[in-house]
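Engineer: Dropping a prediction and its sequence here:
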Amino acid sequence: MTNVFALVLTLTMGIIGTSLAANEEMHPLPFVITDIEGHIAELTINIEKISDRMRFLREAPDSKDPLIQEVRNLDLRGWELHQEQWKVQLDGLRFTEGLLRKVQDHPEEKPEALQAWLGRLKEFKETMNDYREQRAGIEVLRIETEVKLIEQYLR
């Protein structure tokens, strides 16, 4: 999903940064806006689905085994981070969609829109890298905890 978002944002940058008339032949603005709308819908559904998974983990009875409980807690934290990441992506797509609609109605505002978008892009990349690092750390902890759990049952 992150790759799709990055692709859409890169495509969007090209649309805002070049002349609309020349670019419409290759990437018509209405098509790009429709594409972004589709990604917004998809992310919204994914956020709802992940909420259901987190609710299931929260409602599962606690285990007497601390390692099983730790695996569940790590799973829950991983899903929470994933959902937070998707919400940031959703916010970014909505921002981009708004800019594109504004530029579609007022092409003379493209330079300001580009600057706003580029400023947001830098922040977005930093945020995504932070989420990626956090999730990787949780995945490592989960694997280590799962190994301990399996060893415990195999001894």
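Structural biologist: Everything's here; your move. Numbering: from 1, shown residues only.
Engineer: Just after the least confident helix or strand in the chain by mean pLDDT, pick out the following helix or strand.
Structural biologist: Across the helices and strands of the chain, mean pLDDT, DSSP states H and E gives its lowest value to helix 20-24, namely a mean of 47. Sequence-wise, the next helix or strand downstream of helix 20-24 (DSSP states H and E) is helix 29-59.
Engineer: And that following helix, what's buried?
Structural biologist: 29, 32-33, 35-36, 39-40, 43, 46-47, 54 (16 or more other C-beta atoms under 10 Å). All C-beta atoms are positioned from the backbone trio N, CA, C, and that covers glycine.
Engineer: gap between residue 117 and residue 87?
Structural biologist: According to C-beta to C-beta, to the nearest Å, residue 117 and residue 87 sit 19 Å apart.
Engineer: do the same with residue 116
Structural biologist: 20 Å.
Engineer: check which helix or strand covers the residue positioned nearest the centre of the chain.
Structural biologist: Central residue of the chain (C-alpha atoms, centre = their mean): residue 86, 3.2 Å from the mean position. Per DSSP H and E, residue 86 falls inside helix 66-105.
Engineer: need the contact list for residue 73.
Structural biologist: Counting by C-beta atoms under 8 Å, 6 or more residues apart in numbering, residue 73 touches no other residue.
Engineer: again with residue 68
Structural biologist: residue 149.
Engineer: Give me the local confidence score for it.
Structural biologist: Listed pLDDT for residue 68 reads 94.
Engineer: Could you report the distance from it to residue 83?
Structural biologist: Distance from residue 68 to residue 83, by C-beta to C-beta: 23 Å.
Engineer: Look at residue 63 and give its secondary structure.
Structural biologist: For residue 63, the assignment made with DSSP: H, G, I helix; E, B strand; the rest coil gives coil.
Engineer: hmm, back to that, out of residue 117 and residue 87, which sits in the busier spot?
Structural biologist: Between residue 117 and residue 87, residue 117 has the larger neighbour count (other C-beta atoms under 10 Å), namely 21 against 13.
Engineer: Hmm, residue 99 and the more buried one touching each other?
Structural biologist: Yes. Here residue 117 reaches residue 99: they are 5.6 Å apart, a contact under C-beta atoms under 8 Å.
Engineer: tell me the mean pLDDT over stretch 48-55?
Structural biologist: 93.
Engineer: Not counting sequence-adjacent ones, nearest residue to residue 69?
Structural biologist: residue 63 (4.9 Å; C-beta to C-beta, 6 or more residues apart in numbering).
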